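# Give me coordinates for this.
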Amino acid sequence: MRTRTGEDFKAMSFELKVLFYSIAKIQSGSERSKKVTALEEVIIEMVSDLPLSVNVVAKEKQLIEDVLHNNYLAKSNEEGLEILIQRIAPLMKNLEKKG
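Residues are numbered from 1 along each chain as shown. The predicted structure is shown next:
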């Protein structure tokens, strides 16, 4: 993957995490809950690191707030997760680590 040029690796990483989360939600077994919880935490952390001071990020403020505070991931079906990928993944190039 690293040899490809012009790709947004942060966006691709976010998309993969959401896809893995989706798969984990439909799996059964004792490991399901751990996987779902771990992936949910990672996704929420990535979304929380988006800078709302950037205009293109601020346009998605409502969706970002839903992910951070309204249990968006747990409530989402496949369509909701696809919306998350389409609208939030492209913003990952603006990602800033807090702290």
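
# ok, and the residue most central in space within the chain, which helix or strand is that part of?
Nearest residue to the geometric centre of the chain (CA atoms, centre = their mean): I43, 4.2 Å. Per DSSP states H and E, I43 falls inside helix 31-48.

# List the buried residues of that helix.
Within helix 31-48, the residues scored as buried using 16 or more other CB atoms under 10 Å are 35-36, 39-40, 42-43, 46-47. Backbone N, C-alpha and C define where each C-beta goes, glycine included.

# Buried residues of whatever helix or strand comes next after that helix, list them for me.
In the C-terminal direction, the helix or strand that comes right after helix 31-48 (DSSP H and E) is helix 55-58. Counting neighbours by 16+ other CB under 10 Å, one finds that the buried residues in helix 55-58 are V57.

# how far does helix 55-58 sit from the chain's center?
Between the centre of helix 55-58 and the centre of its chain there are 16 Å (CA atoms, centre = their mean, to the nearest Å).

# need the next SSE after that helix, C-terminal direction.
helix 61-69.

# what about the nearest residue to D8 once chain neighbours are set aside, how many residues close to it?
When the adjacent residues along the chain are set aside, D8 lies closest to K93, with 5.3 Å between them (CB to CB, 6 or more residues apart in numbering). The tally of other residues near K93 (other CB atoms under 10 Å) stands at 12.
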